[in-house]
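[1] Generate coordinates for the sequence data below:
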Amino acid sequence: MRLLLLLLAFYALGFAQTLLLPKEAQVGQEVFLEGKGLPAGEYPLVVEGPKGLQTTVRTQEGGFRIPFTPEAPGSYRVRLLLPVGALEGRFDVVQPGPPPEPQLTEEGLVYRGLHLSLPKAEWKGPVLWGDKVLLAAGSLVLEVLPTGEVRYHFAPGPVQALRPGEVVLPGDRVLPIPLPFIPFSGEEKDLEALKPLLMALNPPRPWPYWAYWTQDPLDLSEEDLKAYGEDLYRRGHRPELFFSQKPIQAWKEAALTHLKDRPEAAIRLTEALLRYTPLFPGSLTFFKTVARTLEAQGRPDLALSIRERTKMVKTWGLPSLEGLLFWTKVLFLSYGVLFLYLFLAYLPAQKAHLAPIGGFFLGFFRHPLIRLRHLHLAYATFGEKLLIFLLFLLGLSGLVLYSLDAKLRPLLTEGPLAQGTLRSEEVRDWLATRPKTPFTAALLGYSLLPENPKEASRLLQEAPPFPFVLALGSGESLAEAYRKAPLMGPVRSSLHLGEDAWGAREPAPSQRTLYGILLLAELFSFQDDFLKSFAALPLPFSPLGRVLLGLAVFLLLLYHLFTFFLPRPKGPFFPPFLLKVLVPGSLAFASGWGVVLLLLAAYGALVFSQTPWPLLAAYALHALSLLFSRRGG
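    Numbers count the residues shown, from 1 in each chain. All right, here's what the predicted structure looks like:
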């Protein structure tokens, strides 16, 4: 009877002892071999198969669990050797099949049991990237992890296509994920497409700066605006550069409209605009208006702060050239009158001297060299020659400067140079199209500094010593930058002399410096090809007309220079008295004082429809000079 009970006990014990094996496994996929209901101790475990395993397992709390990674397909037999006999089990190993493809349904993303709800949009993807899935809509990229966690990436433009670990932007521009910190290059419609996505998905903040443009400006908190500015700076933005993005205008209008009913929100916006993007269309007028309103509301301290910072911002902006065209007209009118006056004044003597060689016109064909010696300015005194030449140069300089300003100003307020940074691909592409000069080398060197420091350093060494170029150096270079621009904020902070209102930052060219560099580069091109450069000016003529005008200007310049080398013919020269009466300042052109009356008369002639007094004053003073000269004679 005792023997029977003992056999039954061993039978029950063996019945409770089990092996837990997978039904099927894949090559390279880790599985677990388990045992339960086992006596305490160490027991041999043998896995028989194409690439098996022999080991010893120690039971804990009546069981064990060990990992096993099959390396070859086939049938595997597992044997656990116990004192009462061996426990056995089998499982099969197969080659892994292709992973399940993620699918995009109307409800969202479905992948390996993961269901992610998505808002309605034109989604691109899904694309597998390892065990992660990439999706994109507009400029928002979603990186979905197997655990269901979502990482959000903001592309600087609309995503055209997705690749594993990459996004493709317009122009086949490929960026890696995580995306680099580069400026926004999209359009207003891309912001409109981003707004509903942010509302539906609510990705964690902080966001890139352009994402904040999709929100109601008055609802942005202090933390939002701080993150906005920090992201701008991280992407290469500088307050000294112009920022023409349209959303900035929306912020400006919101601040102006609600300065009375929601003053704190309006002041937050104003401070953010002044600190991060102070140069934008109409910015100076905007800040002055806000300062006046704050002063009227009893906040003179804040109004004074805004006014003083606006004064500094004004020194960064483009110079004002109002009135340049008008004074250029005054100079050219004076030049034309003086040119005609000298021609008529010396015409009688000129005709007398040219009579022996065929006269005024035939002399060019009979004796051209002698005729060239008797050009009408050859009869003028040195003072008259110098005066008319200076009038011509000043008028020409005004015309060229006005035309170049009309050519460059739109580039600095509308194009790639007006995006608040010079470290963008658009700026580098634009600089690549410019003529290679030391001036543009300074800009290209600054633009390349983060990506290619070696090439940037070479270009900056070849560039002229602009203050921002010197300030990028150290030692004597930095000291020279301070001597040239002692109020430049980045220079002062580098020398530990205090910071300006925009904090410590890397030296960069201001918009005015940028304007000066481009202006010098354009003037530099006149040395290489005057006619081509002149014909490229935005003058109100056809292309052929600009070429002909450039040719005429060039010939006039040669004409004036040539007459300085001509000896003055002998003989007394008496301009007709009526001519002297008609031209103000005619009695003192040789000494140079007559030009004052001539310029006054030209000015008066141009403003005669508004007021006749300048022209009348010029002739009154001229009449007095005639009267005194007659009495003196």
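
[2] And the lowest mean pLDDT element among the helices and strands of the chain?
    helix 2-16 (a mean of 43; mean pLDDT, DSSP states H and E).

[3] Okay, buried residues for the helix or strand following that one please.
    As assigned by DSSP states H and E, the chain's next helix or strand after helix 2-16 is strand 18-20. Neighbour counts using 16 or more other C-beta atoms under 10 Å place T18, L19 of strand 18-20 among the buried residues. For every residue, glycine as well, the C-beta is placed using N, CA and C.

[4] what residues does the helix or strand following strand 18-20 touch?
    Next helix or strand after strand 18-20 toward the C-terminus (DSSP H and E): strand 24-26. Strand 24-26 is contacted from outside by V31, P70, F91, D92, V93, V94, Q95, P96, G97, using C-beta atoms under 8 Å, 6 or more residues apart in numbering.

[5] ok, 7 Å please
    Contact with strand 24-26 is made by V31, P70, F91, D92, V93, V94, P96, as judged by C-beta atoms under 7 Å, 6 or more residues apart in numbering.

[6] repeat for stretch 46-59
    Against stretch 46-59 from outside (C-beta under 7 Å, 6+ apart): 38, 40-45, 64, 66, 68, 71-72, 74-79.

[7] Of those residues, which qualify as buried by neighbour count?
    The buried subset of the contacts of stretch 46-59 (16+ other C-beta under 10 Å) comprises L38, Y43, L45, F64, F68, Y76, V78.

[8] Mind giving me the packing neighbours of the lengthiest helix in the chain?
    Longest helix in the chain by number of residues (criterion: DSSP state H): helix 382-413. Helices and strands touching helix 382-413, by 3 or more C-beta pairs under 7 Å, 6 or more residues apart in numbering; DSSP states H and E, are helix 324-345, helix 511-528, helix 543-563.

[9] Name the residues of the second one that are buried.
    Residues of helix 511-528 classed as buried by neighbour count (16+ other C-beta under 10 Å): 511-523, 525.

[10] what's the average pLDDT for that helix?
    Confidence over helix 511-528 (mean pLDDT, whole number) is 89.

[11] Could you point out the helix or strand that follows that helix?
    Past helix 511-528, the next helix or strand by DSSP H and E is helix 530-535.

[12] Just the C-alpha atoms of that next one, please, in CSV.
    The C-alpha trace of helix 530-535 is given here as CSV (Å, rounded to 0.1, in the frame of the first residue of the first chain):
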residue,chain,number,x,y,z
PHE,A,530,31.0,101.7,-67.3
LEU,A,531,28.5,101.4,-70.2
LYS,A,532,27.2,98.0,-69.1
SER,A,533,26.8,99.2,-65.5
PHE,A,534,25.2,102.4,-66.5
ALA,A,535,22.8,100.6,-68.9
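
[13] quick one: that helix to chain centroid distance?
    Mean-position distance between helix 530-535 and its chain equals 29 Å (C-alpha atoms, centre = their mean, to the nearest Å).

[14] Output the contacting helices and strands for that helix.
    helix 543-563.

[15] let's go with 8 Å and repeat that
    Secondary-structure packing of helix 530-535 (3 or more C-beta pairs under 8 Å, 6 or more residues apart in numbering; DSSP states H and E): helix 511-528, helix 543-563.

[16] and the ones you listed as a markdown table, adding distance to G445?
    Converted to a markdown table, these look like this (distance: least, C-beta to C-beta, whole Å):
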| stretch | distance to G445 |
| --- | --- |
| helix 511-528 | 12 |
| helix 543-563 | 33 |
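
[17] who wins for proximity to V168 among those helices?
    helix 511-528 (31.7 Å; C-beta to C-beta).
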